[in-house]
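Novice: This is the structure alone, sequence omitted:
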């Protein structure tokens, strides 16, 4: 790197003649995160477990438990299920950090992760992940039932052994990996009933499975350059932005269709119906804005351009909107079961 000159050193730029556009608050926040130091101490160990992912998975599991019980579940059973599943998912996430460490080192977003940055050694991270993964399974097996433990371990094992390596070889990793992300509602149902004979756990599995590509592909558009630099075979990297945009829209349509499945069980009322309509209209608008942004591009123009480009804003809104959609759907199912 060249040392700063009189033309580039901080404080020496002539602001009166500079043509650089002012930075937005979002850009400044992103730069601040990129320059933040790697987590240390217990924060690093917590980061290994990917707590935001754990939180989202536990919400879907809890909703399935309420739906299965048609009311509030037993408190002890609920706590044991949440703790066991949360620990198990945290362990699988730590192992994902270990396996992806070489690729994480190449991405600005992930190079400060504990394993990639060297804050935690590969050996310690592996031992930590395996211990949590097996401990979570043991809690579920001994405190809940064996079926619940097996469902959690299958989901976590699929995430580590199938989805994680597939990211290096095929763009289909997002769809195939959806199996792992769709397992928590099945875990919640198994915890309450010790059976998977009902169509309900598979209806919830279908909703989660179809949702994940529509949720993740807009994010992959935002991270395309990082993924390409790291070597991840994500859809925008292997097939381009236009293909990813079309695939996201098609998958969204499939996702909306899965929200009709609960009506086939005869166990939902107008409460879920209202929530479903609100959620689906909301998500359709967010996703359609991404389609429009792609259609309005000039020939050769990138969909996700500068920090405030229409395509980038649409992709970000689609990604965040998919999270809101999931929350509305599961809250509607939960309230419907309670009321």
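Specialist: In hand now; what should we look at? Everything numeric in this text was worked out from a predicted model, so none of it was measured. Residues are numbered from 1 along each chain as shown.

Novice: phi, psi of residue 197?
Specialist: phi -70, psi -30 (degrees, to the nearest 10).

Novice: measure it to residue 226 for me?
Specialist: Counting by CB to CB, to the nearest Å, the gap from residue 197 to residue 226 is 44 Å. Every residue, glycine included, has its C-beta placed from N, CA and C.

Novice: When those two are compared, which one has more neighbours?
Specialist: The residue with more neighbours, out of residue 197 and residue 226, is residue 226; 18 against 8, by other CB atoms under 10 Å.

Novice: Check the offset of stretch 87-94 from the chain's centre.
Specialist: 14 Å (CA atoms, centre = their mean, to the nearest Å).

Novice: what mean pLDDT does it have?
Specialist: Average pLDDT, stretch 87-94: 96.

Novice: Need the contact partners of that stretch.
Specialist: 48-51, 53-54, 57, 125, 128-137, 139-140, 152-153, 155-157, 159-160, 180, 184 (CB atoms under 8 Å, 6 or more residues apart in numbering).

Novice: 6 Å instead?
Specialist: With CB atoms under 6 Å, 6 or more residues apart in numbering as the test, stretch 87-94 has contacts from 48-50, 54, 57, 125, 128-129, 132-133, 135-137, 152, 156, 159-160.

Novice: mind showing which ranges of this structure have poor pLDDT?
Specialist: 1-38 (pLDDT under 70).

Novice: List the buried residues for the longest helix seen in the chain?
Specialist: If you go by DSSP state H, the chain has its longest helix at helix 310-338. Residues of helix 310-338 classed as buried by neighbour count (16 or more other CB atoms under 10 Å): 310-319, 321-322, 325-326, 328-330, 332-337.

Novice: Where does residue 107 sit, in terms of helix or strand?
Specialist: Secondary structure from DSSP states H and E places residue 107 outside every helix and strand.

Novice: quick one: contacts for it?
Specialist: Contacts of residue 107 by CB under 6 Å, 6+ apart are 226, 230.

Novice: Quick check: phi and psi on it?
Specialist: phi -110, psi 130.

Novice: Distance check, it against residue 256.
Specialist: For residue 107, the distance to residue 256 - CB to CB - is 32 Å.

Novice: quick revisit: tell me what the longest helix of the chain is packed against?
Specialist: Counting contacts by 3 or more CB pairs under 6 Å, 6 or more residues apart in numbering; DSSP states H and E, helix 310-338 packs against helix 51-69, helix 200-222, helix 270-295.

Novice: just those: most buried one?
Specialist: helix 200-222 (a mean of 24; mean count of other CB atoms under 10 Å).

Novice: Can you tell me what sits against that helix?
Specialist: With CB under 6 Å, 6+ apart as the test, helix 200-222 has contacts from 64, 174-175, 178, 181-182, 185-186, 189, 234-236, 244, 248, 251-252, 254-255, 258, 261-262, 265, 304, 315, 318-319, 322.

Novice: Buried subset of these, written for PyMOL?
Specialist: Selection of buried members from the contacts of helix 200-222 for PyMOL, criterion 16+ other CB under 10 Å:
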select buried, resi 64+174+175+178+181+182+185+186+189+234+235+236+244+248+251+252+255+258+261+262+304+315+318+319+322
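
Novice: Point out the ones among the contacts of helix 200-222 that are inside helices.
Specialist: Reading helices off the contacts of helix 200-222 with DSSP H, I get 64, 174-175, 178, 181, 185-186, 189, 235-236, 244, 248, 251-252, 254-255, 258, 261-262, 315, 318-319, 322.

Novice: how long is stretch 218-229 end to end?
Specialist: For stretch 218-229, the first-to-last residue distance is 18 Å (CA to CA, to the nearest Å).

Novice: Let's verify residue 198: helix, strand, or coil?
Specialist: Per DSSP: H, G, I helix; E, B strand; the rest coil, the local secondary structure of residue 198 is coil.

Novice: dump the residue contacts of it.
Specialist: Residue 198 neighbours (CB under 6 Å, 6+ apart): none.

Novice: so what's the backbone phi/psi at it?
Specialist: phi -70, psi 150.

Novice: cool, and residue 105?
Specialist: Torsion angles, degrees, to the nearest 10, at residue 105: phi -60, psi -20.

Novice: just the one 3 residues further on next, same as before
Specialist: When quoted as degrees, to the nearest 10, the phi and psi of residue 108 stand at phi -60, psi -30.

Novice: Likewise for residue 299?
Specialist: Per degrees, to the nearest 10, the backbone of residue 299 is at phi -50, psi 130.

Novice: And it, how far from residue 242?
Specialist: To residue 242, residue 299 is 12 Å away according to CB to CB.

Novice: does residue 184 really touch residue 60, like I thought?
Specialist: Yes: using CB atoms under 6 Å, residue 184 is in contact with residue 60, at 4.8 Å.
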